[in-house]
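Participant: how would this look folded up:
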Amino acid sequence: MARFNDGIEDIKDLKEGMTLEGTVSNVAAFGAFIDIGVHQDGLVHVSQLSNKFVTDAREVVKTGDIVKVRVTEVDVARKRIGLTMKLGDAPARRDGPRDNRFEGARPGQQNRGAGNYGGQPRAPQPAASTAMESAFSKLAGLKK
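Facilitator: Residues are numbered from 1 along each chain as shown. Model (predicted):
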C-alpha cells in the first residue's frame, strides 16, 4: 500500500515539482495512471516512465505497483495531473549531445554541418525551386 503525503487530499493541494508515492491503478500502451491520493489519478506518459526508450508502458509497470512520481503539471479546471517517473537526472549520453534541429532543404538553412555525410564539407549548391529539385541536387552532390 502506498503512503500518501499528509495534507495532500485534493488536486488543488498539488504543486509542480512535488515528489509523491502512488499506486498504479491502470496501464495502457500510452502510459500509466497513478493513484496519488487526491481522488483523481495522474498520468505518467510512456515517454516519462524511464530514461530509456519505452514502446509500451506494460514493459515498465503493472497494475498494483507502488511507484514514486514527480508532479509535472496540474490542470485543476480539466482535472488532469501530469506525472513523471524520471526522478533523477538522465544518465550521461555516451555519444555526446545530439542536435535535433530541423535541417533545411537549401544549403544556407543547414545547422552546424547537418547533412554533412561522411564528414567532408559540401560545395555550395544553387537553391532549388522545388522539393524534387532539391532532392536531386543533394543526390548529385553525394555522388561526386
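
Participant: would you map the helices across this protein?
Facilitator: Assigned by DSSP state H, the helices in the chain fall at 131-142.

Participant: please enumerate the strands of it.
Facilitator: 19-28, 31-35, 42-45, 66-75, 80-84 (DSSP state E).

Participant: which of those strands sits closest to residue 130?
Facilitator: For the strands of the chain, proximity to residue 130 was assessed by Cβ to Cβ; strand 42-45 is nearest, at 38.2 Å. Using the backbone N, CA and C atoms, a C-beta is placed for each residue, glycine as well.

Participant: so what touches that closest one?
Facilitator: Contacts to strand 42-45, defined as Cβ atoms under 8 Å, 6 or more residues apart in numbering, come from residues 22, 30-34, 36, 57, 67, 69, 71, 80-85.

Participant: state the distance from residue 57 to residue 65.
Facilitator: 11 Å (Cβ to Cβ, to the nearest Å).

Participant: just want to know which of those two has more residues nearby.
Facilitator: Set residue 57 next to residue 65 and count neighbours by other Cβ atoms under 10 Å: residue 57 wins out with 23 against 15.

Participant: need the pLDDT of the more buried one.
Facilitator: Reported pLDDT at residue 57 in the predicted model: 90.

Participant: next one: the one 4 residues further on
Facilitator: According to the model's per-residue confidence, residue 61 sits at a pLDDT of 94.

Participant: again with residue 139
Facilitator: At residue 139, the model reports a pLDDT of 80.

Participant: I figured residue 19 hits residue 86, correct?
Facilitator: No - Residue 19 lies out of contact with residue 86 (Cβ atoms under 8 Å); the separation is 11.5 Å.

Participant: more crowded one of the two?
Facilitator: Counting neighbours by other Cβ under 10 Å for residue 19 and for residue 86 shows that residue 86 has the greater number, 15 against 11.

Participant: check contacts around the spatially closest residue to residue 20 that is not a sequence neighbour.
Facilitator: If the residues on either side of it in the chain are set aside, residue 20 comes closest to residue 36, at 4.9 Å by Cβ to Cβ, 6 or more residues apart in numbering. Each residue near residue 36 by Cβ under 8 Å, 6+ apart is listed here: 2, 4, 8, 20-22, 42, 69, 81, 83.
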